[in-house]
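Visitor: My questions concern the predicted model and sequence given below.
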Amino acid sequence: MVQRKPRYLKYMNTIQTESVLKENAPLFIPIGTLEAHGRHLPISTDTICAEKIAEKLCIEVGGVIAPPIEYGLTNVFLQTAPGSFFPEDVFKSYVEHIVRNFRKHGFKTIIIVNGHGGNRDSLKQIIRTIPREEAIALSVINWWILAEKYVERVYGCKPGGHAAVEETAAMLNFYPTLVSPAKYSPNIDDYVPEESLWMYPPPGEVLLQEEGEGRPSFDSDKAEMFMSLVISDLSTKIKRWLNSFNRIKGSLRP
């Protein structure tokens, strides 16, 4: 069996785009932001991870990948974010218009692959609003949250957080040349946020849920195993969702 290749909308001409629309192929929209990710990961980590996960899912379930949205809603690291939306309504409106216009042009199933925690609230509002008004199937993937359940199995520790074990594993698996292990120092980079003390910018950019748990790991084999589990899990869930559309018919279904 020939393996699918990822398809990118930005490389297609109008004839190819029309062919994709006739397939009723799902559209993947990767979303991230630009912000600091410690000293060992690039500032575009969120977008890179979202786009690569969209690519893997496109291979597994079919579909086409839209150009990524590289500027998100950054709060905690706003002083280290070269490009960020503010206020929140600006970001929400921007993404909502993109989704609605893709639907207007014929994409009935849209999967947003989100790589940034700061985008979540706006995306939740969008996914609850647009399907009430459009005949569309809409999903948002927050991949790092799903990935947390595999941290202990692969790394033998509790989940980390921002720029920690999960995102480091993804970048190490997708783009190892962009990861700089020698630049990471727990004493300098780690920080456990406290509700009793807010600091902007935080004194460290590797945000951990617990001291010493979920720190970045630079084991390539473990990174590959970890991301394989994540992609397999996401693929299974998305396939079930796509196959469920014929289960119930309604006026606002795709």
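Guide: Looks like it arrived, so ask away.

Visitor: Can you give me the buried ones in the longest helix along the chain?
Guide: The residue-count maximum for a helix in the chain (DSSP state H) belongs to helix 220-243. Going by neighbour count (16 or more other Cβ atoms under 10 Å), the buried part of helix 220-243 is K222, A223, M225, F226, M227, L229, V230, I231, L234, I238, L242. C-betas here are computed from N, CA, C, even on glycine.

Visitor: Could you single out the nearest of the residues you listed to A170?
Guide: M227 (5.9 Å; Cβ to Cβ).

Visitor: quick one: the closest residue to that closest one other than its chain neighbours and P68, what's the gap?
Guide: Nearest non-adjacent residue to M227, counting by Cβ to Cβ, 6 or more residues apart in numbering: N173, 4.4 Å away. N173 sits 18 Å away from P68, going by Cβ to Cβ, to the nearest Å.

Visitor: on that earlier part again, could the buried residues of helix 220-243 be laid out in JSON lines, adding distance to I145?
Guide: Shown next, in JSON lines, are the buried residues of helix 220-243 (distance: Cβ to Cβ, whole Å):
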{"residue": "K222", "distance to I145": "20"}
{"residue": "A223", "distance to I145": "18"}
{"residue": "M225", "distance to I145": "19"}
{"residue": "F226", "distance to I145": "14"}
{"residue": "M227", "distance to I145": "15"}
{"residue": "L229", "distance to I145": "14"}
{"residue": "V230", "distance to I145": "11"}
{"residue": "I231", "distance to I145": "15"}
{"residue": "L234", "distance to I145": "11"}
{"residue": "I238", "distance to I145": "15"}
{"residue": "L242", "distance to I145": "21"}
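
Visitor: would you list those residues in a markdown table and tack on pLDDT and distance to H116?
Guide: Formatted as a markdown table, the buried residues of helix 220-243 follow (pLDDT from 0 to 100; distance: Cβ to Cβ, whole Å):
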| residue | pLDDT | distance to H116 |
| --- | --- | --- |
| K222 | 99 | 24 |
| A223 | 99 | 20 |
| M225 | 99 | 24 |
| F226 | 99 | 20 |
| M227 | 99 | 18 |
| L229 | 99 | 22 |
| V230 | 99 | 17 |
| I231 | 98 | 19 |
| L234 | 98 | 17 |
| I238 | 97 | 20 |
| L242 | 93 | 25 |
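
Visitor: Now the two most distant members of those residues.
Guide: The widest separation within the buried residues of helix 220-243 (Cβ to Cβ) is 30.4 Å, between K222 and L242.

Visitor: Can you name the element that comes right after the helix or strand harbouring the residue nearest to M227?
Guide: Assigned by DSSP states H and E, N173 belongs to helix 165-174. Using DSSP H and E, the helix or strand that follows helix 165-174 in sequence is helix 186-189.

Visitor: Distance from the next helix or strand after that next one to the middle of the chain?
Guide: Note on helix 186-189: by DSSP H and E, the next helix or strand toward the C-terminus is strand 190-191. In terms of Cα atoms, centre = their mean, to the nearest Å, the centre of strand 190-191 is found 23 Å from the chain centre.
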